[in-house]
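Novice: Fold the following for me, if possible:
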Amino acid sequence: MAIAQRLIFVIFCVFFSYGQRIPIALFEPMVINSEQQSRIIALDSIDVKTLAEQEELALLYANTRAYEQSFDILVSLANDHPTNYDYQFLLGGIAGILASEVSRVKSLPYVRAMKTAFEQAARIAPDSFITQLVLLELYTELPWVLGGSEKKANRALSTIQSLSDIEYFLAAGYYYRTTKKNKEALVAYLTAVNEVDSCSTPEVSNDAYYVMGVLSFYLQKDITKALCFFEHYVAHFNGGDRYPKSFARHYIAKLTSVIHVNEEMEEKLLTYDPLTRWIQNNFK
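Specialist: Residues are numbered from 1 along each chain as shown. Now for the predicted structure:
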């Protein structure tokens, strides 16, 4: 299972489960082709499936948004193979999706499954910064009774720091912003974008480009730099990226148009992009 296949689930994790989740309708539409449908029927009809067939069916169910069916298979795979990173990460992601689609009371089993799976994934691959980013959000966003922990959040942040300077400063900005430490968040965010002289950066996630675009636009007033970041985000977008391409394209239009007013999209940004909302509410 490739990284791109795994990352498709991160956008649905706890941050959007317990915050204002971006509606699926704002992302590129997912088309289920006849080949996928036929393959699902064929695999589902097999009484005793091989490991490879179970993996394939779990991914097909996930990619066609049959999340409950995918969850059931992944629970079995993760229990039978507790040291398999892919199974744990995928299970955590699917559980996060399901947690976001039901009431908070009904979401509790899925939240617990999500947390357990991602923590196990981190034990298997402690140097996976994407897993550490997910854990940072889990420990920061979840209430204490469900596993939220300032101590564990800081531990995840320290691990991210050892893996990537820019990702660390962006993660620190998120952490301080979410915990209402606006001054510290501003310093961390500015440090992140100041580390980058141009659009060329060390290896970072595509999401980081979107965030740095927002920061460059509002905090540095650097139009060229912001435009480059947003264009990179759109050009390298994949199914696992957190923000819809329409968000980045809206910023590009603002940066390149003499007069550009799209009040509907501005409202969507304020509703579903917490970074944009935080900056506009505190620093615009």
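Novice: CA atoms for contacts and neighbours, from now on please.
Specialist: Fine.
Novice: Phi, psi for the residue lying farthest from the centre of the chain please.
Specialist: Centroid-distance maximum for the chain: D47 at 35.1 Å, with Cα atoms, centre = their mean. Main-chain dihedrals, D47, degrees, to the nearest 10: phi -70, psi -50.
Novice: I'd like the distance between it and Q220.
Specialist: 59 Å (Cα to Cα, to the nearest Å).
Novice: element containing L59?
Specialist: helix 51-63 (DSSP states H and E).
Novice: cool, Q161 as well?
Specialist: Using DSSP H and E, Q161 falls in helix 150-163.
Novice: average model confidence for the helix or strand that comes right after that helix?
Specialist: Counting by DSSP H and E, the element after helix 150-163 in chain order, helix or strand, is helix 165-178. Averaged over helix 165-178, pLDDT sits at 95.
Novice: For the residue nearest to A122 when sequence neighbours are not counted, grab the count of nearby residues.
Specialist: Spatial nearest neighbour of A122, chain neighbours left out: T131 (6.1 Å); criterion: Cα to Cα, 6 or more residues apart in numbering. T131 has 23 neighbouring residues, counting by other Cα atoms under 10 Å.
Novice: can you pull out the helices in the stretch 101-250 of the chain?
Specialist: 104-124, 129-141, 150-163, 165-178, 182-194, 206-215, 223-235, 245-256 (DSSP state H, counting those that start in this stretch).
Novice: Pull the residues that contact the second one.
Specialist: Outside of helix 129-141, the residues within contact range by Cα atoms under 8 Å, 6 or more residues apart in numbering are 10, 13-15, 18, 89, 115, 118-119, 121-122, 126, 147-150, 152-154, 156-157, 159-160, 163, 171, 175, 178-179.
Novice: run the last query once more with 7 Å
Specialist: 14-15, 118, 122, 147-150, 152-153, 156-157, 160, 163 (Cα atoms under 7 Å, 6 or more residues apart in numbering).
Novice: for the fourth one, same thing?
Specialist: When contacts are defined by Cα under 7 Å, 6+ apart, helix 165-178 is touched by residues 157, 160-161, 182, 184-186, 188-189, 191-192, 204.
Novice: what angle separates that helix from helix 129-141?
Specialist: 10 degrees (axes from the mean of the first three to the mean of the last three Cα atoms, to 10 degrees).
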